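Engineer: quick one: sequence and predicted model below, then my questions.
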Amino acid sequence: ALGQAIGTATSGQYGGNMDYRGFGACETIYLPVFVQGALFHLGDGHAVQGDGEIVGTGLEISMDTTFSLSLLKGQTIGWPRGESEDSIFTVGNARPLEQALQHASTEMLRWLTDENGYGLSVQEASQLMGQCVEYEVGNVFNPAYTMVCKMKKRWLPSKKAK
């Protein structure tokens, strides 16, 4: 959004090298797009990695990957989001770690209260998050740390009809 060139070694609002092992097969990942003609990079495949990537790397492997990209026009998100069969999650990338946690939590609150999301009031979403949210550590090695805020779908209301 600031017109800068971004390397693939770190992460930020745009996504990047988040090293979160929850990004896997059959998941939908939502990334913010800040400029027309934005590029996409996929790489750094790990066969296995513990939470936090505390030794600086997972077991890196080559990948044969099939994926598709779609642009959801008219929707705005601030940080990466994801959806699996049983959960939704949001990702914050920053240093210090508590700033990454704050970004992930704030993005979850936005998703739960957004009219294109679940349409809860701020009070309803805050209460739900306070009782049901789960946190996972993507990495604490890269220049920006990665925290994930996760919510099981069983706790969520049906999405609002558009």
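Structural biologist: Perfect, I can see it now. What you are looking at is a predicted structure, and each value in this text was computed from that prediction instead of being measured. Residues are numbered from 1 along each chain as shown.

Engineer: what ranges does this protein have for its helices?
Structural biologist: 97-113, 122-132 (DSSP state H).

Engineer: tell me where the model's unsure across this protein.
Structural biologist: Applying pLDDT under 70 to the chain flags residues 160-162.

Engineer: columns mean neighbour count and distance to T28 on top of the helices of the chain, output as a markdown table?
Structural biologist: (Glycine included, C-beta is placed from N, CA and C.) Shown next, in a markdown table, are those (neighbours: other C-beta atoms under 10 Å; distance: least, C-beta to C-beta, whole Å):
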| stretch | mean neighbour count | distance to T28 |
| --- | --- | --- |
| helix 97-113 | 20 | 13 |
| helix 122-132 | 13 | 21 |
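
Engineer: looking at these, which is nearest to F141?
Structural biologist: Evaluated with C-beta to C-beta, the helices of the chain place helix 97-113 nearest to F141, the distance being 11.6 Å.

Engineer: could you give the angle of that closest one to helix 122-132?
Structural biologist: Angle, helix 97-113 to helix 122-132, by axes from the mean of the first three to the mean of the last three C-alpha atoms, to 10 degrees: 120 degrees.

Engineer: run through who's touching helix 97-113.
Structural biologist: The contact list for helix 97-113 (C-beta atoms under 8 Å, 6 or more residues apart in numbering) reads 13, 77-79, 81, 88-94, 117-122, 124-126, 128-129, 133, 135, 137, 140, 144-149, 151, 156.

Engineer: please enumerate the strands of the protein.
Structural biologist: 11-12, 15-16, 28-30, 46-48, 59-60, 81-83, 87-94, 134-139, 145-152 (DSSP state E).

Engineer: so which of those is the most packed in?
Structural biologist: strand 87-94 (a mean of 25; mean count of other C-beta atoms under 10 Å).
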